[in-house]
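S.K.: next input, structure requested:
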Amino acid sequence: FFVLGLLWVSLGSAEFPPTEEIVKICTKENNRPPESERLFVSKSIDAAAEEICLRLTDPYLALLFIDCFPNTLDTTVQVASASDTFVITGDIDAMWQRDSSWQVHPYFPFAQKDPHLQEMLRGLVKRQTSSVLMDQYANAFNYNMSGAGHQTDTRTPPMTPGVFEGKWEVDSLCSVIQTSHSTWKAVGEDPAVLDANWTAAMLLILDTFEYQQIPTVPEIDSGNAQYQFQRDTTAPTDTLMHAIGPPALFTGMIRSAFRASDDATTMQFNIPENAFAVVALRKMAEMLNASGNTLQATRASILAEEVDVAIQKYGIVQGTSGSHYAYEVDGFGNFYFMDDANIPSLLSLPFLGYCDIDDELYQNTRKLLLSRRNPYYASGDAGTGIGGPHIGEGWIWPMSIIVQALTTTDTNEIQYCLDMLESTSDNTGFMHESFWKNDASQYTRSWFAWANTMFGHLIIHVSENYPELIFSNSSSTS
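M.R.: Predicted coordinates:
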């Protein structure tokens, strides 16, 4: 009791002291690797994880948080230094530009007072920008040119040993910009982050985005498209029609051959991808201005505005219950409505910073996304949520439930999401890629670090904004 009392004093007397069970879970009886086996140790992340864990009242929620929040650092940071950091996804031994960016996203608020964590993040910026310069159209990379992955794909540019997979996804480059901006801010806007290599990568990103604004006809007529992709596969979402993809007219948006799920787009102007590009390009402009590249900063700002205007012109459709965002459009007047669990998604637009949670257009869209109007929304005995074509209909992704909780101010909805995330983890202590709607013991990917870290981010978000949902407070429970 004396130890528990000290913990209570350190956490503040407005809350009840942690139970002995909670203390054991948060300090030793969990699924984290022993400290000597953790791939990267951040004292600030460990301290924050333990502090929040000790304040949780639900033992299993405490276990999920202490397992999930540091999971990226514990298990996926294979190389870490200020000059190079390589972060794998988990059970796939390769680094996705997108995944690695979101995997470290919740750690930035703790980096300002943690030089060791700052070094790791600086190294990730260098790795990501070097990867862009290696192949700006690739989504995933190998460490040390190992030649692993999809080397037999027919592709322009051709596959190289450093590329694990070469799918063109707009959000891959947006993620690089995001990591750069967050790291730059976390280290006090140190100009060393924005070095010559970084600048070259940003200019290549601008070139690529601008090129991918063009329609498909000139590429077909010339037979000389800058990006082409085909794979021998039984999955139609893993290859492109005639190596270029479905027809697209000019809109001002950026064409994306694949989505954040690594599935081929049905129509090449993916609205969430382009919304993310608007946010990322504005961050790029801020950094380019700070580094003295004012002309290129203006170029980034103009492109962001072009894409944003195009989203508002082509990406909004009239439905029976009012206007809402489409998921994809082609410029010919056609649209496709759905959503996918992977970020960026329509559901995640406020989380990305593209719009406010209470934006009327977003709210109209959100209601449809969380209903059977969305073909990849599922409801079953185990839970409800959004999946996607990557695993298939009926498979719900915990990531979508996390994003649902992050994009609402309704405490009942947040509590519903928290309860569902607990009940669908199959008592493993971790999030999974997806689970079957009627049976959460059927799931994919037991080691999916992005979802784990995102769950940790959600708990921190709730602790800061809705603490009464997860902490015991003497004033509210007495």
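S.K.: in the chain, where's the longest strand?
M.R.: strand 439-444 (DSSP state E).
S.K.: list the contacts for the residue nearest to Lys437 when sequence neighbours are not counted?
M.R.: Counting by C-beta to C-beta, 6 or more residues apart in numbering, Gly380 is the residue found nearest to Lys437 once chain neighbours are left out, at 2.9 Å. Just so you know, the C-beta spots here come from the backbone N, C-alpha and C atoms, and that holds for glycine as well. Neighbouring residues of Gly380 by C-beta atoms under 8 Å, 6 or more residues apart in numbering: 394, 396, 436-438.
S.K.: mind putting those residues into a markdown table with neighbour count, pLDDT and distance to Gly147?
M.R.: Converted to a markdown table, the contacts of Gly380 look like this (neighbours: other C-beta atoms under 10 Å; pLDDT from 0 to 100; distance: C-beta to C-beta, whole Å):
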| residue | neighbour count | pLDDT | distance to Gly147 |
| --- | --- | --- | --- |
| Gly394 | 15 | 98 | 36 |
| Ile396 | 29 | 99 | 35 |
| Trp436 | 21 | 99 | 35 |
| Lys437 | 21 | 99 | 39 |
| Asn438 | 13 | 99 | 41 |
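S.K.: widest-spaced pair of these?
M.R.: The span of the contacts of Gly380, defined through C-beta to C-beta, is set by Ile396 and Asn438 at 10.1 Å.
S.K.: need the residues touching each of these two.
M.R.: Joint contacts of Ile396 and Asn438 (C-beta under 8 Å, 6+ apart) are 380, 382.
S.K.: ok, and what's touching the longest strand of the chain?
M.R.: Here strand 439-444 has contacts from 381-383, 391, 395, 423-426, 432-436, using C-beta under 8 Å, 6+ apart.
S.K.: hmm, who's touching the one helix or strand Phe229 maps to?
M.R.: In this assignment (DSSP states H and E), Phe229 forms part of strand 228-230. Where contact means C-beta under 8 Å, 6+ apart, the residues beyond strand 228-230 that reach it are 153-156, 166-168, 239-240, 243-244, 257.
S.K.: and if you look at stretch 206-223?
M.R.: 136-137, 168, 170, 173, 225-227, 242, 244-256, 268, 277, 281, 284, 296, 299-300, 303, 306, 331.
S.K.: try stretch 69-76
M.R.: Contacts for stretch 69-76 (C-beta under 8 Å, 6+ apart): 32-33, 38-42, 45-46, 48-49, 52, 87-90, 103-104, 106-107, 430, 447, 449-450, 452-453, 455-457, 459-460.
S.K.: ok, stretch 130-145 next?
M.R.: With C-beta under 8 Å, 6+ apart as the criterion, stretch 130-145 contacts 78-79, 86, 94-98, 148-149, 157, 160-169, 172-173, 176, 197, 200-201, 204-205, 208, 227, 258, 262.
S.K.: what do you get for stretch 241-255?
M.R.: With C-beta under 8 Å, 6+ apart as the test, stretch 241-255 has contacts from 154, 156, 170, 209, 212-217, 219-220, 225, 227-230, 257, 264-269, 273-274, 277, 306-307, 309-311, 313-315, 329-332.
S.K.: tell me how far the ends of that stretch are from each other?
M.R.: Terminal residues of stretch 241-255 are spaced 14 Å apart (C-alpha to C-alpha, to the nearest Å).
S.K.: can you mark which positions in it are buried?
M.R.: 243-249, 251-255 (16 or more other C-beta atoms under 10 Å).
S.K.: determine which two of those are furthest apart.
M.R.: Largest pairwise distance in those, by C-beta to C-beta, is 24.3 Å, between Ala243 and Gly252.
S.K.: now do the strands in the stretch 1-150 of the chain.
M.R.: Using DSSP state E, counting those that start in this stretch, the strands of the stretch 1-150 of the chain run over residues 77-80, 85-87, 95-96, 140-141.
S.K.: with respect to Ile25, which of those strands lies nearest?
M.R.: strand 77-80 (23.9 Å).
S.K.: let me know the pLDDT of Ser472.
M.R.: Reading off the confidence values, Ser472 has pLDDT 84.
S.K.: ok, it - how many residues close by?
M.R.: Neighbourhood size, Ser472 [other C-beta atoms under 10 Å]: 18.
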